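Student: no sequence on hand, only this structure:
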């Protein structure tokens, strides 16, 4: 009987945990969410690893904004973006998190190149599962 009560309590608490993550994640900065969800922090570090050497600001998530909810094919995600502190126009990223699984699905890292005040070209590296609809959702956060 005690076991049934415990299992029942866990079954009720599990959806609340996912809901709490989603609500917290939408209103928080990626650095705050990552602090409370170490697995997500590791996923970010792994995804951004190719850029960490030249863009050491990624280790602290850069200058950023709270997460934004987006929907792709009837699935809700949260997009986080960040940029190089004091130089947002030169380097930035966006990542897509699926709140139910608390997994980083995809991302992009952008490095812009300028001649005086004019952007001459950009290098965009798509990361993870950046299928076309995902890339479209992330692209609006990159510039």
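Tutor: Alright, I've got the coordinates. Note that the structure is a prediction, hence the values are computed from the model and not measured. Numbering: from 1, shown residues only.
Student: who's the residue nearest the centre of the chain bridged to?
Tutor: For the chain, residue 95 is the residue whose C-alpha lies nearest the centre (Cα atoms, centre = their mean; 3.3 Å). Residue 95 has these beta-bridge partners by DSSP bridges: residue 80, residue 107.
Student: dump the residue contacts of it.
Tutor: 30, 44, 47, 79-81, 104, 106-108, 127, 138 (Cβ atoms under 8 Å, 6 or more residues apart in numbering). Bear in mind the C-beta positions are built from the backbone N, C-alpha and C, glycine included.
Student: pick the one among those residues closest to residue 87.
Tutor: residue 81 (14.9 Å; Cβ to Cβ).
Student: pretty sure that closest one is touching residue 142, no?
Tutor: Yes - counting by Cβ atoms under 8 Å, residue 142 is a contact partner of residue 81 at 7.3 Å.
Student: any common contacting residues for the two?
Tutor: Listed as contacting both residue 81 and residue 142 by Cβ under 8 Å, 6+ apart are 92-94.
Student: list the buried residues of stretch 29-39.
Tutor: 29-30, 32-34, 37 (16 or more other Cβ atoms under 10 Å).
Student: nearest to residue 57, of the residues you listed?
Tutor: residue 30 (13.0 Å).
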